[in-house]
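Student: need a structure here:
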Amino acid sequence: MDGAKVLVVLDLVGIFVFGITGALVGVRKQLDVFGIQVLAVVTGLGGGFLRDVLIGATPPAALVDWRYLVVPVVAGLLTFFLHPGIGRLERLVNVFDAAGLALFCVTGARKALEVGLSPLSAALLGMISGIGGGVIRDVLSGRVPVVLRSEIYAIPAFLGAGIVVVADAAGYQATWVTFAGAVVCFLIRLVAVRRGWNAPLPRPS
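Tutor: Numbering: from 1, shown residues only. Model prediction:
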């Protein structure tokens with residue numbers, strides 16, 4: 001499988017897992033099937049929309065390739081019918097959210113490099129791709145976005161994207177580098193959630 005196909009597959013997988021996180025939040029908020037589908041679609045496609053618009057890849061891939069629209073809808077429907085007990089949803093949201101964050105940060109960085117962005121810009125765009133869908137999901141569901149809380153969220157995305165960028169600058173563009181960046185982001189995010197790692201907070205006045 002060539003590099004372009006790998007990016008499409010990773011994109012679709014990322015959309016699927018992010019779609020599940022949006023749908024799970026909708027279930028927890030006791031939304032109806034339409035509300036759950038809305039959260040699934042915007043969560044799955046939000047980061048990709050931001051990425052494509054920022055690099056000038058318009059119209060965004062989600063508007064020209066039917067697979068990008070079908071995947072989050074399927075994720076939403078599966079979650080609606082097959083979700084487990086309410087008490088387990090938070091843990092599942094965290095796991096799937098970490099997976100989506102990991103996949104989007106590396107595909108965003110890779111696409112940014114392909115259009116000629118500088119290494120730093122590519123890493124930042126990868127981070128934005130990863131956090132975009134979650135921010136939209138949290139705003140629509142009435143939650144403070146995870147990235148604005150004290151939890152470590154954007155940092156793993158930036159590190160995952162950074163691995164792809166640094167490897168590219170060193171001449172390594174193999175598929176395993178992209179997967180390595182995703183795995184690093186995924187593991188750091190999950191460990192941060194499990195151990196309660198937080199970004200620094202302002203000192204109390």
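
Student: Going by secondary structure, the residue nearest to the spatial centre of the chain is in what exactly?
Tutor: Residue closest to the average C-alpha location in the chain (CA atoms, centre = their mean): L101, at 3.2 Å. Using DSSP states H and E, L101 sits within helix 89-114.

Student: returning to what we had before: touching, the residue nearest to the centre of the chain and A157? I think so.
Tutor: Yes - counting by CB atoms under 8 Å, L101 does reach A157; the two are 5.4 Å apart. To be clear about C-beta, it is placed using only N, CA and C from the backbone, and glycine gets the same treatment.

Student: which residues are in contact with both of those two?
Tutor: Common neighbours of L101 and A157 (criterion: CB atoms under 8 Å, 6 or more residues apart in numbering): G130, I131, C185.

Student: closest to V27 among these?
Tutor: Checking the shared contacts of L101 and A157 against V27 by CB to CB gives I131 as the nearest, at 22.0 Å.

Student: what's the burial count for the closest one?
Tutor: A count of neighbours around I131, defined by other CB atoms under 10 Å, yields 26.

Student: confidence score at it?
Tutor: On pLDDT, I131 comes in at 92.

Student: I figured it hits Y153, correct?
Tutor: Yes - I131 is within contact range of Y153, at 6.6 Å (criterion: CB under 8 Å).

Student: shared neighbours of those two, anything?
Tutor: Common neighbours of I131 and Y153, using CB under 8 Å, 6+ apart, are L101, V147.

Student: quick one: the helices in this protein?
Tutor: Along the chain, counting by DSSP state H, helices occupy 3-28, 33-54, 61-64, 66-82, 89-114, 119-140, 154-169, 175-195.

Student: Tell me what angle the first one forms with helix 175-195.
Tutor: The one in question is helix 3-28. Helix 3-28 runs at 20 degrees relative to helix 175-195, counting by axes from the mean of the first three to the mean of the last three CA atoms, to 10 degrees.

Student: do the second one as well
Tutor: Here the directions of helix 33-54 and helix 175-195 differ by 130 degrees (the same axes, to 10 degrees).
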